[in-house]
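Student: Fold the following for me, if possible:
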Amino acid sequence: MKTVLLFLATGFQETEALAQVTICKRTAIDIKTVSVTGEQMVESSNGVVVKADLVMGRDTLPEADMLVLPGGMPGSENLYNYAPLRNLITSHVKAGRPVAAICAAPLVLGRMCLLEGRRATCYPGFEPELTGATPTGATVEVDGQFITGHGPGTAIDFGLAIVAYLMGKAEADKVAASMVWPY
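Tutor: Residues are numbered from 1 along each chain as shown. Take a look at the predicted model:
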């Protein structure tokens with residue numbers, strides 16, 4: 001079974017986070033939401049409060065096959081500003097494991113100079129944050145161990161790319177069909 005950790009910071013975009021939970025739970029992927037706020041309850045950019053499965057710094061995090069960063073503002077800034085998460089991302093990437101970020105959250109990877117020489121996509125206007133990357137404006141980009149997504153409207157495609165990366169295209173196609181996607 002594959003394990004995915006999805007990180008929640010105050011101001012996250014709920015569609016970009018919860019679509020990934022829904023999509024992964026339709027597979028054998030064990031996805032856990034992880035708060036970086038010190039509290040289990042995390043408020044989204046639109047005031048939706050979500051109960052995280054784990055709290056970083058309090059709970060022991062399982063070994064993850066992939067890390068996922070939902071966007072939203074100020075959620076993406078809050079993810080970047082949390083040093084223990086940056087440290088985890090660094091060790092995860094050095095181990096050759098994938099990281100996925102959508103909307104504004106690719107700024108975390110860009111500021112960490114992890115997208116150097118890669119194709120990446122992000123929410124319009126955040127391209128300058130993708131240090132060293134080639135911004136494409138695509139719905140989803142998969143380049144090496146990085147998956148980036150364009151924004152809330154692409155959350156399902158982003159989730160299916162995560163499934164395809166970890167479980168194969170056939171599994172992603174099966175999930176898409178079960179969700180009547182595309183409609």
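Student: what sits against residue 90?
Tutor: Going by CB atoms under 8 Å, 6 or more residues apart in numbering, residue 90 touches residue 112. Bear in mind the C-beta positions are built from the backbone N, C-alpha and C, glycine included.
Student: tell me which element it is part of?
Tutor: In this structure, residue 90 sits in helix 83-94 according to DSSP states H and E.
Student: Pull the residues that contact whichever helix or strand comes after that helix.
Tutor: Sequence order places strand 99-102 as the next helix or strand after helix 83-94, per DSSP H and E. Contact with strand 99-102 is made by 16, 66-71, 89, 92-93, 108-109, 114, 145-151, 154-155, 158, 161-162, 165, as judged by CB under 8 Å, 6+ apart.
Student: change it to 6 Å
Tutor: Contact partners of strand 99-102, identified using CB atoms under 6 Å, 6 or more residues apart in numbering, comprise 16, 67, 68, 69, 71, 109, 146, 147, 148, 149, 158, 162.
Student: Ok, stretch 5-13 next?
Tutor: Under CB under 6 Å, 6+ apart, the answer for stretch 5-13 is 20, 32-37, 42-45, 52, 64, 67-75, 78-79, 103, 152.
Student: since we're on residue 67, how many residues are nearby?
Tutor: If you count neighbours by other CB atoms under 10 Å, residue 67 ends up with 21.
Student: bridging residues for the nearest residue to it once chain neighbours are set aside?
Tutor: In this structure, residue 67 finds its nearest non-sequential neighbour in residue 99, 4.8 Å apart by CB to CB, 6 or more residues apart in numbering. When bridges are taken as DSSP bridges, the partners of residue 99 come out as residue 67, residue 146.
Student: Report the buried residues of stretch 54-62.
Tutor: Using 16 or more other CB atoms under 10 Å as the test for burial, stretch 54-62 gives 54, 55, 56.
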